[in-house]
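Asker: coords please:
(one chain, ligands or ions: 3)
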Amino acid sequence: MKIIIQRYCTHRKPNPSIEVEYKLPLKNPTLLEALDFIKTNFDQTLTYSSGCRSEVCGSCSVKVNGKEKLSCGYKVQDGDVITPLSKLDIIKDLVVESDASFITLVKTRSFLEKSKSIKQTKEDEKLIEKQSDCILCNSCFSSCPVLEVNKDFLGPFALTRVLRYINDKRCEDEKQKIDLIQKNGIWDCTLCGECTIVCPQNIDPKMDILNLRAKSAKYGYMDPNFGVGDFGTLSF
Ligand code: SF4
Ligand code: SF4
Ligand code: FES
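Answerer: Ligands and ions are numbered 1, 2, ... in the order given. Okay, the predicted model is just below:
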């Protein structure tokens, strides 16, 4: 079996990016096992991220034949082409700089900022269960076509997390959270569904964004593409 890995190093001149083919004497390895084998046996400089090795920590995402996958969960196929995630700067080989994506959690205040002290029921927990499963793997961020044309777009996982906190019965600042996702947020999504397809946790950011649009309407917001107000705020 052979795989091709896009290697990247800023010190490599004139082209920092090259494709390297590796032959693997392994049977049915995960991609992470294949990367470990290459690093141990062929080239110690191969650089990639991993942590839990069990699809929990979200640190090992890469692209396989153009689609986002967790290295520790994906079984390598002969001829696979492995590249780093898109929309994020490459540090080296398959390792990307995540600051540009994780800052969206700060911009959207995607955490429990002002909260009531109440006991959560099992039903309350169910409301936020799916979105709470996000492992911040950046796969959806990498796949989103809007980020190709608008680097300020808040992106799928931050918006999904906003819904998680708005649906949290303890949340006391729903309106502030809704206000923060109007510009470069829910209305800029094209609803293409790429984020939903690549999510290893079966989260559905596209549906979450649709839910956030419905919740925004409650506060008088509507799609600015219909040309109402600055960000589409209706006043009565
Ligand atoms: S559905 Fe929206 S957030 Fe998801 S990838 Fe498409 S444009 Fe991006
Ligand atoms: S929503 Fe899914 S694809 Fe996006 S960061 Fe979370 S786990 Fe990864
Ligand atoms: S190493 Fe943690 S998700 Fe793959």
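
Asker: quick one: contacts for the residue nearest the centre of the chain?
Answerer: Closest residue to the average C-alpha location of the chain: Asn138 at 2.8 Å, with Cα atoms, centre = their mean. Counting by Cβ atoms under 8 Å, 6 or more residues apart in numbering, Asn138 makes contact with 58, 61, 85, 88, 96, 98, 101, 157. Glycine gets a C-beta too; all of them are placed from N, C-alpha and C.

Asker: Enumerate the residues of this structure near ligand 2.
Answerer: 58, 134-140, 156-157, 160, 198-201, 203, 205 (Cβ under 6 Å from any ligand atom).

Asker: which of these are close to ligand 1?
Answerer: 156, 205.

Asker: in which helix or strand would I find Cys195?
Answerer: For Cys195, the element it lies in under DSSP states H and E is helix 194-198.

Asker: Which strands and helices lie in contact with that helix?
Answerer: helix 139-143, helix 205-218 (3 or more Cβ pairs under 8 Å, 6 or more residues apart in numbering; DSSP states H and E).

Asker: let's see 10 Å
Answerer: Helices and strands touching helix 194-198, as assessed by 3 or more Cβ pairs under 10 Å, 6 or more residues apart in numbering; DSSP states H and E, comprise strand 67-70, helix 139-143, helix 156-166, helix 205-218.

Asker: What would it look like as PDB? C-alpha coordinates only.
Answerer: C-alpha atoms of helix 194-198 as PDB (Å, rounded to 0.1, in the frame of the first residue of the first chain):
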ATOM      1  CA  GLU A 194     -20.400  20.500   4.100                       C
ATOM      2  CA  CYS A 195     -19.800  21.000   7.900                       C
ATOM      3  CA  THR A 196     -22.500  18.500   8.700                       C
ATOM      4  CA  ILE A 197     -21.100  15.900   6.300                       C
ATOM      5  CA  VAL A 198     -17.600  16.000   7.800                       C
END
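
Asker: Identify each buried residue in it, please.
Answerer: Residues 194-196, 198 are the ones in helix 194-198 that count as buried (16 or more other Cβ atoms under 10 Å).

Asker: Check stretch 124-141 too.
Answerer: 127-128, 130-132, 134-141.

Asker: contacts for the helix or strand Asp124 falls within?
Answerer: Using DSSP H and E, Asp124 sits in helix 122-132. With Cβ atoms under 10 Å, 6 or more residues apart in numbering as the test, helix 122-132 has contacts from 110, 118, 120-121, 157, 159-171, 201-205, 207-208.

Asker: which among these end up buried?
Answerer: Buried subset of the contacts of helix 122-132 (neighbour count, 16+ other Cβ under 10 Å): 110, 157, 159-168, 171, 201, 203-205, 208.

Asker: Can I take it that Gln176 is in a strand?
Answerer: No. According to DSSP: H, G, I helix; E, B strand; the rest coil, the state of Gln176 is helix, so it is not within a strand.

Asker: quick one on the thing from earlier: quick one: is the helix holding Asp124 near ligand 1?
Answerer: No. Helix 122-132 lies out of reach of ligand 1 by Cβ under 6 Å from any ligand atom, never closer than 13.9 Å.

Asker: That helix relative to helix 156-166, how many degrees between them?
Answerer: On the basis of axes from the mean of the first three to the mean of the last three Cα atoms, to 10 degrees, helix 122-132 is oriented at 170 degrees to helix 156-166.

Asker: Restrict helix 122-132 to CA atoms and write it as PDB.
Answerer: As requested, the backbone C-alpha atoms of helix 122-132 are provided in PDB (Å, rounded to 0.1, in the frame of the first residue of the first chain):
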ATOM      1  CA  LYS A 122     -32.400  15.000  32.300                       C
ATOM      2  CA  GLU A 123     -34.600  16.700  29.700                       C
ATOM      3  CA  ASP A 124     -32.600  20.000  30.100                       C
ATOM      4  CA  GLU A 125     -29.400  18.000  29.500                       C
ATOM      5  CA  LYS A 126     -30.900  16.400  26.400                       C
ATOM      6  CA  LEU A 127     -31.400  19.800  24.800                       C
ATOM      7  CA  ILE A 128     -27.700  20.500  24.800                       C
ATOM      8  CA  GLU A 129     -26.300  17.000  24.600                       C
ATOM      9  CA  LYS A 130     -25.500  16.800  20.800                       C
ATOM     10  CA  GLN A 131     -23.800  20.200  20.600                       C
ATOM     11  CA  SER A 132     -21.800  19.500  23.800                       C
END
